[in-house]
Structure formats: structure tokens, C-alpha cells
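Colleague: A structural model of the following input is requested.
(chains A and B)
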Amino acid sequence: MNPLTGYLLVAALLFAIGLAGALTRRNAILVLVGIELMLNAANLNLIAFWRYGPHPELLTGMMFAIFSIAVAAAEAAVGLGLVIQIHRHAHTTDLDAMSRMKG
Amino acid sequence: MSIVFYVIAGLSVAGALAAVLLKNTVHCALALTLAFAGLALLFLELDAQFAGFAQILVYIGAVAILVVFAILLTRGSETPHETVYSRNPLVGLVTAAAIFAVLGWAVLHSSQALPGPAGTPTAEPQVTVMDIGNALMGRYVLPLEIVALLLTAALIGAVIVAMHEKEAAR
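Modeller: Reported below is the predicted structural model:
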């Protein structure tokens, strides 16, 4: 098997697992965990294409992955801050119980 | 494909599955750390040393700790008595399976067109951390500044969002 194909398949599998977690879990924190897994799968794709692409010395895919890691960290901080604030307000992290946006 | 790749890929996929399927949320966070570590090893296997160590520092060192903090602060560590899945989990499962089927089909059917054909080992790219630093300060300096601004905004935003509202209410 082509080595790039193996990495792309693993990334697709991780993305599907993360999506399944984000769509099926009740706990808001675990939905964020699923989103993080999806972002990581995308990063794996970027690095794999950088490694096996025609011009690795240009560092394009590597830079994209590094910036993506930074943006994902910012997203996790804001998302978990929101979850903590919602828990303080509504005393639940159950997404099915959060049916109103009004405070 | 080497045996190392299969072991690491199996480790990260098992960690991801456990993070999504386990009932206890603290166990989910620990399994998530395992998945992140597996992904960092995959990055190292792809000769992306800097990205691999950045992954370890940022994800295992920061994001996983944040997730554990959020779980403990929201008292989510107690295993819920009723189901941990949403009202109709089948829709989500079918969507995820369909997306995996489409992605897998696309990858397998385009493997002839992908770079790096099987059998011919591509040369390891000679990239040092100095090259990455030069690129960050040269060609990618504008994205770097934008990311710095974004991180500052996210830091302030997270603090403001999670702050107590008692002063504002008075």
C-alpha cells in the first residue's frame, strides 16, 4: 500500500470517530473533545501531504498544521470557558437540556 | 507500510474510540490524551519533528489539562445514571459512517494519482528547526502576527466569558 494512503485512511477514520462523538454525546465537553479529534485528523492530513508532496522544503503543509494547532488551542480555551459559564448558569452540561439561548 | 505505523495508528484510533465511547468523562479525557500522543508519534514518524513536539506541548500539555479542568469544574466526573448519548444517536452514527465511507472511497480510488508511489521510498526532507524559524519570520510573518492577535483575543475572551458576573449585576 502507498504510505500516503495509509495515513489518509487513518486520518479519515479519526475524523469519522470525532464526528460521531460530536454528534452523539450529551455532554458538551465531550462534544468539544470530538471537535478536537476532527481538527487533529485534518492536521495529520496536512503533515502527510507535506511529507510525501513534491516540495517539502517549502514547508507549506507543516506551517499550515502549526497554525492550525494554535487556532485549535484558542478554540478549546474559549469553548471550555463557554461550557463552564453555561454550567454556572443552567447547572447542567447536558446539551439536550440546553434548549434556550435566552438567559 | 512499516509495523511501527500500524502499531501507532492502532494506538491513536483505539484512544479516539475510547474517548468517544466511554461512560465516565474523566476516562474519556485520559483516552483523549492517548489519542493525542498517538497522533504526535505519527507526526514524528512523518519526519515532522517540530509539529510532533508542538502537538505534545499544546495538546497533551494544555488542551487535555483544560478538558480535565472543565470536567472537574462542571462536576461531570460522576457517571450519569441515564444514557450518555443524545436522543437519537443513530442519525449521528449514520452520518459519521457515511462520511468515512466517502472519504475512504475517495482515498482508495485516487491512490494511483497520489504522490509517493509504493516501493520507492521518498527521501527524508531535510528540514531543521532553524528553517522553520526562518520561514516563520520571513514568508509566514503575517500569519504569525495574526495568530498572535487571535491567541490574545481568545485569552481575553475566555477569561471574560468564564468570569463571575456578580460585579456586572450590581
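Colleague: which residues does B:E45 contact?
Modeller: Counting by C-beta atoms under 8 Å, 6 or more residues apart in numbering or on different chains, B:E45 touches B:4-5, B:8. Every C-beta, even on glycine, is put in place using the N, C-alpha and C of the backbone.
Colleague: ok, now with 10 Å
Modeller: B:E45 makes contacts with A:3, A:7, A:47-48, A:51, B:2, B:4-5, B:8-9, B:52, as judged by C-beta atoms under 10 Å, 6 or more residues apart in numbering or on different chains.
Colleague: likewise A:E57?
Modeller: B:125-127, B:131, B:135.
Colleague: what's the average pLDDT for stretch A:5-25?
Modeller: Average pLDDT, stretch A:5-25: 93.
Colleague: same deal with stretch B:60-75?
Modeller: For stretch B:60-75, the mean per-residue pLDDT is 90.
Colleague: ranges for the helices of chain B?
Modeller: For chain B, the helices defined by DSSP state H cover B:3-21, B:25-45, B:49-55, B:64-73, B:89-109, B:129-137, B:141-162, B:166-169.
Colleague: check the ones you listed for me and report the most buried one.
Modeller: Stretch with highest mean neighbour count among those: helix B:25-45 (a mean of 22; mean count of other C-beta atoms under 10 Å in any protein chain shown).
Colleague: the helix or strand hosting A:M63 packs against which elements?
Modeller: Secondary structure from DSSP states H and E places A:M63 in helix A:60-90. On a contact count with 3 or more C-beta pairs under 10 Å, 6 or more residues apart in numbering or on different chains; DSSP states H and E, helix A:60-90 meets helix A:28-52, helix B:49-55, helix B:64-73, helix B:129-137, helix B:141-162.
Colleague: and the last one, C-alpha only, in PDB?
Modeller: What follows is helix B:141-162, C-alpha atoms only, in PDB (Å, rounded to 0.1, in the frame of the first residue of the first chain):
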ATOM      1  CA  VAL B 141       5.300  36.500   9.300                       C
ATOM      2  CA  LEU B 142       1.900  37.900   8.600                       C
ATOM      3  CA  PRO B 143       0.000  34.700   9.500                       C
ATOM      4  CA  LEU B 144       2.200  34.500  12.600                       C
ATOM      5  CA  GLU B 145       1.200  38.000  13.700                       C
ATOM      6  CA  ILE B 146      -2.500  37.200  13.000                       C
ATOM      7  CA  VAL B 147      -2.200  34.100  15.100                       C
ATOM      8  CA  ALA B 148      -0.600  36.100  17.900                       C
ATOM      9  CA  LEU B 149      -3.500  38.500  17.800                       C
ATOM     10  CA  LEU B 150      -6.000  35.600  17.700                       C
ATOM     11  CA  LEU B 151      -4.400  34.000  20.700                       C
ATOM     12  CA  THR B 152      -4.500  37.300  22.700                       C
ATOM     13  CA  ALA B 153      -8.200  37.800  21.800                       C
ATOM     14  CA  ALA B 154      -9.000  34.200  22.700                       C
ATOM     15  CA  LEU B 155      -7.200  34.500  26.000                       C
ATOM     16  CA  ILE B 156      -9.100  37.700  27.000                       C
ATOM     17  CA  GLY B 157     -12.300  36.300  25.600                       C
ATOM     18  CA  ALA B 158     -12.100  33.100  27.600                       C
ATOM     19  CA  VAL B 159     -11.300  35.000  30.800                       C
ATOM     20  CA  ILE B 160     -14.300  37.400  30.200                       C
ATOM     21  CA  VAL B 161     -16.700  34.600  29.300                       C
ATOM     22  CA  ALA B 162     -15.700  32.400  32.300                       C
END
